[in-house]
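**Student:** The following comprises the amino acid sequence and a computationally predicted model.
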Amino acid sequence: MPRGVPNAKRDESALRYTSFHVPLALNPKHVGSTYLKAESQTLWSRNAIRAHRSRLVLDETGSATPTETRRGSKVIVIHPGSRFLRIGRASDVTPLTVPNVIARKHTPPVPRPVYVQGISRPKEDRRRSTPSTSAPSGDEYGVNVASDDPFDTKVAAITVSLRDRMRFYKLRVTPNAASIATSFNEQFKPEVIPEVNDPYRVDWISESDEPYHVGEKALRLADPEKMGYVVRWPIYGGNFNTRDYPSMQVVYNDIETILREALKEKGIEPSTYKEYSVVLVIPDYYDRLYVEGLVRILMVDMGFKQFCAQQESLAATYGAGISNACVVDMGAVKTSIACVDDGLVIADTRMVLSMGGNDITEFLYVLLEKIGFPYRDLDLARSYDWSVIEDLKARLCTLAEGDVALNLYDFSVRRPGKPTEKYGLRAYDEIILAPMCLFEPRVIEFDRKKAGMRFLTRAPDMAEEMVEQSSDKFTERYTQAMLISTQHLFPVLVPAISLEQPRQSRLQFYKPPPRRAHRLRSHHRHPVVSTSATAPVTPAGEEPPPSANGVKDEDVEMTDATPAPASESAAPSTSGADEEKPSDSKAADDAAPSTETAPPTSEAGPSKAAAEAPVEIIDVDEIETKPATAAPAAPPQVAHMVPPQMIPLGFRAYNIDVGFEASKLPLDVAIFNSARAAGGDEKIRKYLQAVLVVGGTALVPGMAHALESRLQAIATPLVPNMEKVQIIPPPKDVDPRVLAWKGAAVLGKMDSIADLWVTPADWELFGMRALKERCFYL
């Protein structure tokens, strides 16, 4: 032993001095390894090479002779919706459209069908033959509320917006139109049409022992309750219908049955499913469990060869033949908005509004009932009565102010066991007020529509949670557009004050926020961000006027030089959500609507409100009184704003359902917020000049001009150098209802889709990871 080194004492206790686990040194061989660092080493690449080799072997042996088939004939495109299922081969010109409904035999007692009312209703004594508004003497464009009924107040606010647009376009208003229509409808007697003279008579199913009926057959049951059938719609608003189903397994079973019956109509038998690939169209803002459930039905239960998922907005751009657009998909239950940039859906621009064509149908019925609808025995829970109002909506409703007139319409009622009855109907502005609920959603009862819906749950997969889930689940669940739209509901975050700041600039952070009792009721226990709509707009280069307390208002600047970083997700908000009540209000039905026709003025005055408000919210009602087609007398003034400070996660998630509150926005405000979430002013201009409107509700006449004028009125004051907003129509002779399906069919016929297929083996091995790795846009 060398000199100077003491003898090492042997440790007999075998106890470690610390409980901390010291990791071993890395193996230097692994540092320079290339394992799984190249694309060729992934499972997908190995599977592709293996399939290519097997194909070469088959070609050499001659056992598999290629057959001349039409491109896409072995690819099935499925687009499930709340009201209709669209399905067909990718080589087909148009899909098979089937009502997404099923009627199953039920053990007694059979539950009675109940219609969930999504629209406010007037009081019982004012439900029939009592118009909501009346015209004052002397002013044909004036509107007086007929009673103290809250419903009449809401309808009057929408009517004021309509009258202002009619005043701008110099359209005359028919005096006493509601009274004339009511007296005609009350006295009308229907005309009975014999069955032999009715070319559109319905072959009702009055007796049946079948275990289930799908699609049109389910809607032709004479009396499902007496026949022992329960009628259900398995998909609701881009997700599973958990309100009407006792368990998820029943939902899966019904969806599989509808798919099998629809494929049977297309001549595809279950024995040949293994030869077909599937392109599944899913919502832009999708639920993971919804996609997993559908894929499990297709891959495991039905046994298809392989599948690929495609988002609706991306499919719509394929169908329209464009690469960049702000896609507005207006369905029966929901309206989804997303911006597409060069074949990629921008995740932060996705928004879902809880309103659609069904709300227009129901609101039309409520308005017609107010003027004495002649068909009095109408129940929206019955399929044949619902089809009566749907037919009236398709023929009557418009958003063109020039079509408003006191016209005579007719409609037929076909009921099982009774002859066809033909009715006459007179209506005035009801035909335009009904679709205007998309821009004035004050009459929609969002809380009532949400009631009864359950969240989807499953057993946690720890490995999947660790691999896929990020730490910030809040930002994963809500998009930037949703946060912008609900920012005024978040608690105020006071920035840090340094002693070096001038005293005047420090004082403004401690001013009490202006009271907004008229706009937002004081239901929250925390202060909300000041959103005074009366703050003056200061043009660039001018000195702002001094405020009442001697403190100068700071110039707020909205720049588009660089996109906002991810940490500044609480960007300036243009929110119409203040038109609705906060979700935690206990007296939701008793409180008056939070947005009225006249914009309120803050108690502190305009200049003081401007100094206090870190965010400026556009008053949509004030803008709508000035349609965008008016030529401005002076150059438009541009509001300049700075992004507010990022609100921490704890504050953002406090007692606020961001997705639900954002779903209450008016349609035009939601589209603008979606474009704003894409980036700076350049992005806003880019997407507002390419707004693609698809879906069944897009067929309402005048929808393009109504959206264009309202978006122009919002964007012109806020976006510098804003040009004309453009609504892109669907390609010629293409139904906007099937545009997303046709776009997915285009993808199914492309050669590049070979890189996107997910096989059942891949799905069993990876689950949702397979979809994320193969479809990079999910």
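**Tutor:** Received the coordinates, thanks. Numbers count the residues shown, from 1 in each chain.

**Student:** Tell me, what's the model's pLDDT at I617?
**Tutor:** pLDDT for I617: 37.

**Student:** likewise C437?
**Tutor:** 95.

**Student:** Start the count at 2 instead of 1 going forward.
**Tutor:** In the new count, where the first residue is 2, that last one comes out as C438.

**Student:** Identify the residues contacting it.
**Tutor:** 120, 159, 356, 360-361, 364, 444-445 (C-beta atoms under 8 Å, 6 or more residues apart in numbering). Where you see a C-beta, it was placed from the backbone N, CA and C, and this is true even at glycine.

**Student:** For A771, give its distance to G332.
**Tutor:** To G332, A771 is 28 Å away according to C-beta to C-beta, to the nearest Å.

**Student:** These two - which one has more neighbours?
**Tutor:** Higher neighbour count among A771 and G332: G332, with 25 against 20, using other C-beta atoms under 10 Å.

**Student:** got a markdown table for the contacts of C438, with distance to T175 too?
**Tutor:** Compiled in a markdown table, the contacts of C438 are given as follows (distance: C-beta to C-beta, whole Å):
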| residue | distance to T175 |
| --- | --- |
| I120 | 25 |
| I159 | 18 |
| M356 | 29 |
| D360 | 26 |
| I361 | 23 |
| F364 | 21 |
| V444 | 23 |
| I445 | 28 |
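
**Student:** Okay, and which of these map to strands?
**Tutor:** Per DSSP state E, strands hold no members of these.

**Student:** Among those residues, name the ones in helices.
**Tutor:** If you go by DSSP state H, these have 159, 360-361, 364 in helices.

**Student:** In TSV: the residues you listed, plus pLDDT, distance to E211 and neighbour count.
**Tutor:** Formatted as TSV, those follow (pLDDT from 0 to 100; distance: C-beta to C-beta, whole Å; neighbours: other C-beta atoms under 10 Å):
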residue	pLDDT	distance to E211	neighbour count
I159	94	45	25
D360	95	33	25
I361	96	34	24
F364	95	36	27
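
**Student:** Out of the contacts of C438, which comes closest to A755?
**Tutor:** Closest approach between the contacts of C438 and A755, by C-beta to C-beta: M356, at 39.4 Å.

**Student:** these two touch, right, that closest one and K335?
**Tutor:** Yes - M356 lies in contact with K335 (C-beta atoms under 8 Å); the separation is 7.4 Å.

**Student:** Among those two, which residue is more densely surrounded?
**Tutor:** Remark: of M356 and K335, M356 carries more neighbours, 28 against 23, as counted by other C-beta under 10 Å.

**Student:** Once you drop chain neighbours, what's closest to the more buried one?
**Tutor:** Once flanking residues are discounted, M356 sits nearest to I445: 5.5 Å by C-beta to C-beta, 6 or more residues apart in numbering.

**Student:** between the ones in helices among the contacts of C438, which is closest to S74?
**Tutor:** Checking the ones in helices among the contacts of C438 one by one against S74 (C-beta to C-beta), the nearest turns out to be I361, at 38.0 Å.

**Student:** Check the spacing between the closest one and I728 real quick.
**Tutor:** 19 Å.

**Student:** Okay, and the beta partners of the residue nearest to M356?
**Tutor:** Taking DSSP bridges as the rule, I445 bridges to I120.

**Student:** Now do it, the pLDDT please.
**Tutor:** pLDDT, I445: 94.

**Student:** That one touches K155, doesn't it?
**Tutor:** No - contact criterion C-beta under 8 Å: I445 and K155 do not qualify, at 9.7 Å.
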